[in-house]
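Engineer: A structural model of the following input is requested.
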Amino acid sequence: MILLATPAAQIAPVASPVEECAWCWPLLHPEQPYPEEWSSTICTAHMAVFERQRAARRERLAQQAFTHDRNRKSYY
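Structural biologist: This next block holds a predicted model:
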């Protein structure tokens, strides 16, 4: 059985779920495990969600680094 690291309640719903997508599956079949014989795939809609999350995370980390550098004082 393939287990998802993210609970189904936290998976972003997409306009057109794809049954073969490992992230759409729990939304389409809440009580059924993802079929073991299928390779886990990700639909383009969920890939876009994860790309947006990744970009937001990168932006947050860049902002934190910028703020940290700006607040650091050099006494040398």
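Engineer: Name the nearest residue to the spatially most central residue of the chain, ignoring sequence neighbours.
Structural biologist: By CA atoms, centre = their mean, the mean C-alpha position of the chain lies nearest to F50, the distance being 4.0 Å. Closest residue to F50 apart from its sequence neighbours, by CB to CB, 6 or more residues apart in numbering: I42 at 7.6 Å. Using the backbone N, CA and C atoms, a C-beta is placed for each residue, glycine as well.
Engineer: can you pull the contacts of the one you found?
Structural biologist: Going by CB atoms under 8 Å, 6 or more residues apart in numbering, I42 touches C21, A22, W23, F50.
Engineer: any idea of the mean pLDDT for stretch 26-42?
Structural biologist: For stretch 26-42, the mean pLDDT works out to 90.
Engineer: next one: stretch 45-57
Structural biologist: Mean predicted lDDT for stretch 45-57 stands at 94.
Engineer: So which bits of it are buried?
Structural biologist: Going by neighbour count (16 or more other CB atoms under 10 Å), the buried part of stretch 45-57 is A45, H46, V49.
Engineer: Thank you kindly, that will do.
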